[in-house]
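Asks: give me coordinates for this.
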Amino acid sequence: MNAFGESALYAAIIITFAGSIAPFLLIKSQPNFAFQFSRLCAVSNFLLITISFLSLIYAFLNSDFSLQIVASHSHSKTPSLYKITGVWGNHEGSMVLWVWILSLYTLLIAFLSTSQETNFIKTRLKILSVQFFLILGFLTYSVFLADPFMQTINKVLEGQDLNPILQDPALAIHPPLLYLGYVGFSLAYSFSVVGLFENTINSSWASMLRKWVLVSWIFLTLGIATGSFWAYYELGWGGYWFWDPVENAALMPWLLGTALIHSLLGLEKEGLFKLWSPLLGIASFMLCLIGTYIVRSGVISSVHSFATDPTRGAFILGFTGIALALGAGLLIYRAPKLSSSYSIELFSREGGIIVNNFLLTLMCFIILLGTLSPLLSEFWLTQKLMIEPGYFQYTVIPLALVMLVFMVGEPVLTWRKTSRKKLSRWINYLMLGAIGIISLCGINSIQASFGVIGLVLAGLILISLFIDARLPRKSFRNYAILFSHAGVAIAIMGMSLLNLGSSKTTILLKQGERALYKDYTLLLKELKTFNMPTYEARQAYLEVKKGHATAEIMIPEKRFYQASQTLTTEIALKHTWLTDLYIVLGGVLPTGEWVFEVALYPGIQLLWLGSLLMVLGGIIRLILNKKFLSPGKN
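Replies: Predicted coordinates for the structure are as follows:
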């Protein structure tokens, strides 16, 4: 099976190479034949990479320790779910997943269309050719620099097990969701390159691309939300974001992808943003490649990094440079023909999109600068400049708040120009709403200003959307915007409440003792130790009671994994209305007292609810598009 899987990767390289050059040789003389050949290559490529991927899964499920990645990232007693997770819980296997998803998108592009118009077939041929070029680059990397089927040098009887913090259901689905978003932006790149090459950046082009960008954005949103939720309940510190370089690598394409969706809307409806849209399409995928470089080169320290091999990083950087040169070259060449002298009113939907794009792009640039600053400072100053989370918080958050201001007025803005009467009436409603929200908050703390402003603006967005939803609707499509923007507002509201009202303390308890925290009474009933197949667990049984409510048992836990000699934390969570009670089991003191970190996190559940609403809005908009790839609007 291992030899079969490795051979499939080599065969996929040959077929991918043929698929990338065939269109250029046959597109003029035999476009229909070339298109059918490209389709055949897409099918063959997908099947071969699928065979390779399934071979790896088979090796992990059967604990085949003759493979280096199985010996390093699995154990014979690991549960089957986490054996499968181990396939992409490492550098080599994750690249196979990356290439498999890339081949899946290429297959969908090849077949999700019914149009047989010659020019449209030629356009799709070129898009497929660019996709094959991208697959070829990553396949070459996977086979020659990150071989997933590398054999162990010496006979191995037992594996070292998967990283314990990755043995979690959320981390089983987080990487596939993230990659489905990441890799999907390859289509934004391919569409942009081909659109620039053919000089066909128009409303039809925007209509075709926006559906695929929505798919990628939905998966990337789910991936980021899942990763944030995992960090919150698994790492034991109660945070959902740490401004880690790898976390930033996922956020940056999301920001530009959000900007791209809005730009494509303006191009599709009004013929605007002909230069800005392909620029965002190319830049969003370039950030995905830069994120891949950060994760796999080891040049920047991160708890999420997969590898520290500079050779691998050099290849990814070189491939990124080639892709960037192609996209940037075409963009510069076509820029004079794509520029527009159209006058745009600030208080219009076009003006809102311009502000939206500017702020999202500026935030992305600030995050990119902060993420790469250790690398850049080491290159220019011969020493690493470490960036603290405060840099991001005091630069990105104010820009996000400014963007929320414009989101408040989004429902009232119309294309071309918004009437002053309509705008002034809307402002009066919102001023009353702002006064009401501030009165309810009753918060005057300067230190909590970001939280207060965020809470007020999020509330105004919801009020604005509620008023707009009660007005006569022209199209059900507006509800996609309503859900997405409400999701953003609710997520910001959750972050603001968390910033304003979270609290944490340390409690020391002996068995049988009680402690009081806020409205909660905690009684340490007993501690138990369990021996599991791959780890030893110590659990604390706490009886928790709020006021006169019925007591509940909460069980925080420590786990020690023998194979990797790793100690992990399993927190105990109690969900109440909008607030989580969060308990972490620490160590034991010489006095016999056990240390517990106890925290209250108000509003945290709104963060996950908001993320789901954003995704729901994207799905609604996607469902309303009956075809994914067609030469006209739909």
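
Asks: rest of the way, CA atoms for contacts and neighbours
Replies: Will do.

Asks: can you name the next helix or strand after the helix or strand of the chain with the lowest mean pLDDT?
Replies: In the chain, no helix or strand scores lower on mean pLDDT, DSSP states H and E than helix 420-441, which sits at a mean of 62. With elements assigned by DSSP states H and E, the helix or strand that comes after helix 420-441 is helix 449-469.

Asks: ok, I332 to F273 distance?
Replies: To F273, I332 is 15 Å away according to CA to CA, to the nearest Å.

Asks: do the same with F46
Replies: Distance from F46 to F273, by CA to CA: 35 Å.

Asks: which pLDDT value belongs to Y342?
Replies: Predicted confidence (pLDDT) for Y342: 65.

Asks: brain fart, T50
Replies: 97.

Asks: please shift the residue numbers so they start at 12 in all later answers.
Replies: Shifting the count to begin at 12 puts that one at T61.

Asks: now it: closest residue in space that isn't a chain neighbour?
Replies: The shortest distance from T61 to any non-neighbouring residue, by CA to CA, 6 or more residues apart in numbering, is to W111 (6.5 Å).

Asks: and the helix or strand where Q47 lies, what does it pack onto?
Replies: Using DSSP H and E, Q47 falls within helix 42-72. For helix 42-72, the packing partners by 3 or more CA pairs under 8 Å, 6 or more residues apart in numbering; DSSP states H and E come out as helix 13-37, helix 91-99, helix 102-122, helix 129-155.

Asks: go again with 10 Å.
Replies: helix 13-37, helix 79-84, helix 91-99, helix 102-122, helix 129-155 (3 or more CA pairs under 10 Å, 6 or more residues apart in numbering; DSSP states H and E).

Asks: hey, which of those is tucked in deepest?
Replies: Per residue and on average, the most neighbours among those fall to helix 79-84, with a mean of 25 (mean count of other CA atoms under 10 Å).

Asks: ok, and what's touching that helix?
Replies: 67-68, 70-76, 87, 93-94, 96-104, 158-174, 575 (CA atoms under 10 Å, 6 or more residues apart in numbering).

Asks: quick check on those: which are buried?
Replies: 67-68, 70-72, 74-76, 87, 93-94, 96-104, 158-162, 169-174, 575 (16 or more other CA atoms under 10 Å).

Asks: remind me which residues of the stretch 312-461 of the chain are low pLDDT?
Replies: Applying pLDDT under 70 to the stretch 312-461 of the chain picks out residues 312-321, 351-354, 357, 389-390, 392-395, 427, 429-460.

Asks: again, only using 90
Replies: By pLDDT under 90, the low-scoring segments of the stretch 312-461 of the chain are 312-328, 347-366, 382-401, 404-405, 409, 412-461.

Asks: tell me where it has helices.
Replies: Assigned by DSSP state H, counting those that start in this stretch, the stretch 312-461 of the chain shows helices spanning 321-349, 360-392, 400-420, 431-452, 460-480.

Asks: any idea which of those is most buried?
Replies: helix 460-480 (a mean of 21).

Asks: and it, what does it pack against?
Replies: helix 400-420, helix 431-452, helix 489-512.

Asks: still on that earlier bit, which of the helices and strands packed on helix 42-72 sits closest to Y528?
Replies: Closest approach to Y528 among the helices and strands packed on helix 42-72 (CA to CA): helix 91-99, 36.9 Å.

Asks: any idea of the angle the closest one forms with helix 42-72?
Replies: 130 degrees (axes from the mean of the first three to the mean of the last three CA atoms, to 10 degrees).

Asks: now do helix 91-99: distance to the chain's middle.
Replies: Centroid displacement of helix 91-99 relative to its chain, using CA atoms, centre = their mean, to the nearest Å, is 21 Å.

Asks: ditto for stretch 511-518
Replies: 29 Å.

Asks: stretch 376-393 too?
Replies: For stretch 376-393, the distance to the chain centre is 22 Å (CA atoms, centre = their mean).

Asks: please apply the same query to stretch 139-157.
Replies: 22 Å.

Asks: got the helices of the stretch 312-461 of the chain as CSV, with distance to L553 columns?
Replies: Output for the helices of the stretch 312-461 of the chain, formatted as CSV (distance: least, CA to CA, whole Å):
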stretch, distance to L553
helix 321-349, 48
helix 360-392, 41
helix 400-420, 34
helix 431-452, 34
helix 460-480, 33
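
Asks: out of those, nearest to T269?
Replies: That would be helix 360-392 among the helices of the stretch 312-461 of the chain, by CA to CA, at 7.9 Å.

Asks: which secondary structure elements does that closest one sit against?
Replies: Helix 360-392 packs on helix 256-281, helix 287-308, helix 400-420, going by 3+ CA pairs under 10 Å, 6+ apart.

Asks: any idea how far the last one is from the chain center?
Replies: It stands for helix 400-420. On CA atoms, centre = their mean, the centre of helix 400-420 falls 19 Å from that of its chain.

Asks: counting contacts, what elements does it pack onto?
Replies: Under the contact rule (3+ CA pairs under 10 Å, 6+ apart), helix 400-420 is packed against helix 360-392, helix 431-452, helix 460-480, helix 489-512.

Asks: got the CA coordinates for it in CSV?
Replies: The C-alpha trace of helix 400-420 is given here as CSV (Å, rounded to 0.1, in the frame of the first residue of the first chain):
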residue,chain,number,x,y,z
PRO,A,400,0.1,41.2,21.3
GLY,A,401,-0.3,44.9,22.3
TYR,A,402,1.0,46.0,18.9
PHE,A,403,-1.9,44.2,17.2
GLN,A,404,-4.5,45.2,19.7
TYR,A,405,-3.7,49.0,19.6
THR,A,406,-3.4,49.1,15.8
VAL,A,407,-5.9,46.7,14.4
ILE,A,408,-8.8,47.1,16.9
PRO,A,409,-9.2,50.9,16.3
LEU,A,410,-9.4,50.3,12.5
ALA,A,411,-12.0,47.5,13.1
LEU,A,412,-14.1,49.9,15.2
VAL,A,413,-14.0,52.5,12.4
MET,A,414,-15.2,49.9,10.0
LEU,A,415,-18.1,49.1,12.3
VAL,A,416,-19.1,52.7,12.1
PHE,A,417,-19.6,52.3,8.3
MET,A,418,-21.3,49.0,8.8
VAL,A,419,-23.9,50.8,10.9
GLY,A,420,-25.0,52.8,7.9
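
Asks: surely the residue nearest to T61 touches F57?
Replies: Yes: counting by CA atoms under 10 Å, W111 does reach F57; the two are 6.8 Å apart.

Asks: so what sits against both of the two?
Replies: Joint contacts of W111 and F57 (CA under 10 Å, 6+ apart) are S63, T117.

Asks: N13 reaches S77, doesn't it?
Replies: Yes: in this structure N13 lies within contact range of S77 using CA under 10 Å: 9.5 Å.

Asks: need the overlap of contacts for those two.
Replies: By CA under 10 Å, 6+ apart, the residues touching both N13 and S77 are A70, F160, M161, Q162.
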